[in-house]
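In: here is the input, now give the coordinates:
(one chain, ligands or ions: 1)
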Amino acid sequence: MKFFVDTADIDAIAELNDLGMVDGVTTNPSLILKSGRDIREVTKAICDLVDGPVSAEVVATEADVMITEGRKLAEIADNITVKVPLTWDGLKACKVLSSDGLMVNVTLCFSVNQALLAAKAGATFISPFIGRLDDINVDGMDLIADIRTVYDNFAFDTEILAASIRTVNHVAESARIGADVITAPPGVIKALAAHPLTDKGLETFLADWAKTGQKIV
Ligand code: E4P
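Out: Have a look, this model is predicted:
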């Protein structure tokens with residue numbers, strides 16, 4: 001399973017990238033706002049740092065303008081993935097941009113039928129939003145499992161990019177179901193390393209080591 005980082009924070013991406021944890025990056029207009037930087041400038045900086053796909057989102061709502069924006073964003077770097085919303089116009093833009101040979105990430109997916117349409121429109125990635133479904137008391141993990149089943153039924157090669165990940169359990173469940181990619185905030189990725197029994201065990205080992213009076217270096 002590939003790990004994408006869901007942020008436009010360069011320092012956070014660099015820290016994880018140095019550990020080999022970054023297979024790609026996703027951004028959206030809210031994350032660009034949070035970065036306080038110009039979209040072209042910050043996206044270029046991310047693309048210079050990371051080899052894998054970097055999603056940059058269009059903001060138009062009409063297909064022809066989305067296509068123009070998508071082509072403009074794709075000029076930033078070879079590893080740009082154009083992100084379009086899962087609307088009818090977004091699907092039209094997906095079809096044209098993917099036919100151009102660009103990678104397309106269809107975002108804001110909340111149903112298996114939407115995911116089917118995105119695959120048929122040639123999406124490279126489909127982004128089902130787990131956390132936002134959980135927020136309205138719908139189990140977001142069920143959607144990941146349903147899309148996995150349907151894509152496998154028909155051998156669609158669109159990759160399932162589990163998005164809106166808020167917890168470490170979302171990551172573990174996505175891996176268990178077989179999502180191709182997860183995109184998570186840096187804090188969630190770092191939290192994957194934490195376990196109370198690791199902390200407790202280390203505390204005991206260090207206390208016992210201190211009693212030996214020995215040193216390694
Ligand atoms: C995915 O590409 C989105 O940027 C992101 O995962 C949305 O997450 P949120 O629902 O926590 O804002």
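In: okay, now residue 37: neighbour count?
Out: 15 (other CB atoms under 10 Å). For glycine as for every other residue, the C-beta is placed from the backbone atoms N, C-alpha and C.
In: surely it is in a strand?
Out: No - using DSSP: H, G, I helix; E, B strand; the rest coil, the assignment for residue 37 is coil, not a strand.
In: wait, isn't it in contact with residue 8?
Out: Yes - assessed by CB atoms under 8 Å, residue 37 is found in contact with residue 8 at 7.0 Å.
In: if I look at these two, which residues touch both of them?
Out: Shared contacts of residue 37 and residue 8 (CB atoms under 8 Å, 6 or more residues apart in numbering): none.
In: so where do the helices sit in the chain?
Out: Under the criterion DSSP state H, helices of the chain are mapped to 10-18, 29-35, 39-49, 63-74, 88-99, 112-120, 130-135, 140-153, 168-177, 186-191, 196-212.
In: out of those, flag the one nearest residue 2.
Out: helix 168-177 (10.7 Å; CB to CB).
In: I'd like the helices of the chain as TSV, with mean pLDDT, mean neighbour count and distance to residue 159 appended.
Out: Shown next, in TSV, are those (pLDDT from 0 to 100; neighbours: other CB atoms under 10 Å; distance: least, CB to CB, whole Å):
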stretch	mean pLDDT	mean neighbour count	distance to residue 159
helix 10-18	98	16	20
helix 29-35	98	14	20
helix 39-49	98	17	19
helix 63-74	98	19	18
helix 88-99	98	21	13
helix 112-120	98	19	10
helix 130-135	98	17	16
helix 140-153	98	18	9
helix 168-177	98	18	12
helix 186-191	98	17	18
helix 196-212	98	9	32
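In: in CSV: these, plus distance to the ligand.
Out: Below are these laid out as CSV (distance: least, CB to the nearest ligand atom, whole Å):
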stretch, distance to the ligand
helix 10-18, 14
helix 29-35, 6
helix 39-49, 13
helix 63-74, 15
helix 88-99, 14
helix 112-120, 13
helix 130-135, 5
helix 140-153, 10
helix 168-177, 10
helix 186-191, 10
helix 196-212, 25
